[in-house]
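>>> I'll drop the sequence and a predicted model, then ask my questions.
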Amino acid sequence: MQQLICSENILKNAEDQGARGKGQPDYGSGPFYMTNPSVPPATNSRLSPLPHEPADYDHAATVDIPLDNSKDMKNKEKELQAREAELRKREQASLREDAIARAGVIIEEKNWPPFFPIIHHDIANDIPVHLQQLQYVAFFTWLGLAGCLLWNLIAVTTAWIKGEGITIWLLAIIYLISGVPGAYVLWYRPLYRAMRTDSALKFGWFFLCYLFHIGFCIIATVAPPIFFKGKSLAGILPALDLLGWSGLVGIFYFIGFAFFCIESLASIWVIQQVYMYFRGSGKAAEMKKEAARSTMMAAL
């Protein structure tokens, strides 16, 4: 009887386990099974929906962004084109200067006088340091010649006003307008380039023309009565002659005589110093070789 009861219990347990296997898994057994769980099982809940957008969403006040009109765009386009043309011009000028520098040609930019540049004159950058003082003195002799001829014109003008003929006044004007640029072309610029490039032939040309310059200054200092009684030049002889006739004219001529004396002495000093440098640097022999080479090339 007891055996039958035990067999019936075993069959019931087997049927219960089979029923649970068909439904849901058995979580009531096992080592981690808890009869009284402290955390209630999670309920099957849905996420709350997002709030609705306001009625005026995406319809707020607009921000105006200014856009360039067609006129401004054209102006900017013209400005860019002008800048591009200027850059292209600068690039071409730079390439030209580089090519000229490689060819050994010296570029001379007009920078003197500062208020109206007509010639290139930059002793501090062009002339070697040991020759700059000599070049400055030579430059002052050129300016001194211009001052002497200008004062000579003033003195001769006073003589003409006091009764002398107009011929001496016209000659004084010719001396001024031809002497200053002529001196620059004939002897000052050759000396400047000779000092700059150390050319023996340019030194030779300077010596030849500067001797004529010194000769003219000496003649002007004395002013012998060769042409028009020498009164077209403010020298010592016409000053003595005119002093008894008009004291004012005589004083003007004496001042001109002093200017020509200073110019003559300064010019003699310059040619001496240039000649000493010319001989000391061996340019005399070099000039002879260059002259012989030029003669042979001309003959061929």
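Looks like it came in fine.

>>> name all residues that make contact with Pro117.
Lys110, Asn111 (CB atoms under 8 Å, 6 or more residues apart in numbering). Using the backbone N, CA and C atoms, a C-beta is placed for each residue, glycine as well.

>>> for Val180, which non-adjacent residue is closest in space?
Ala146 (4.6 Å; CB to CB, 6 or more residues apart in numbering).

>>> separation between that neighbour and Ala183?
Taken as CB to CB, to the nearest Å, the spacing of Ala146 relative to Ala183 amounts to 8 Å.

>>> so which of the two has more stuff around it?
Ala183 (21 against 16; other CB atoms under 10 Å).

>>> my guess is that one contacts Trp142, does it?
Yes - Ala183 is in contact with Trp142 according to CB atoms under 8 Å; the separation is 5.8 Å.

>>> still on that earlier bit, so for the host helix or strand of the residue nearest to Val180, mean pLDDT?
Assigning secondary structure by DSSP states H and E places Ala146 in helix 129-161. When pLDDT is averaged along helix 129-161, the result is 96.

>>> mind listing what's buried in it?
Neighbour-count burial for helix 129-161, counted by 16 or more other CB atoms under 10 Å, picks out 131, 134-135, 137-139, 141-142, 144-146, 148-153, 155-160.

>>> what do you get for stretch 78-97?
Of the residues in stretch 78-97, none are scored as buried under the neighbour-count criterion (16+ other CB under 10 Å).

>>> that stretch - what's its average pLDDT?
Across stretch 78-97, the per-residue pLDDT values average to 82.

>>> oh, and call the first residue 12 from now on, that's how I've got it
Let's use 12 as the start, then, which means that last one is stretch 89-108.

>>> only the C-alpha atoms, please, for that stretch, written as CSV.
Output in CSV follows, covering the C-alpha atoms of stretch 89-108 (Å, rounded to 0.1, in the frame of the first residue of the first chain):
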residue,chain,number,x,y,z
LYS,A,89,38.1,95.8,-60.6
GLU,A,90,40.2,96.3,-57.4
LEU,A,91,41.4,92.7,-57.6
GLN,A,92,42.3,93.0,-61.2
ALA,A,93,44.2,96.2,-60.5
ARG,A,94,46.1,94.5,-57.7
GLU,A,95,46.9,91.6,-59.9
ALA,A,96,48.2,93.9,-62.6
GLU,A,97,50.4,95.7,-60.1
LEU,A,98,51.8,92.5,-58.8
ARG,A,99,52.5,91.3,-62.3
LYS,A,100,54.3,94.6,-63.1
ARG,A,101,56.4,94.3,-59.9
GLU,A,102,57.3,90.7,-60.8
GLN,A,103,58.4,91.7,-64.3
ALA,A,104,60.4,94.6,-62.9
SER,A,105,62.1,92.3,-60.4
LEU,A,106,62.9,89.8,-63.2
ARG,A,107,64.3,92.6,-65.3
GLU,A,108,66.5,93.9,-62.5
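
>>> lovely, talk soon.
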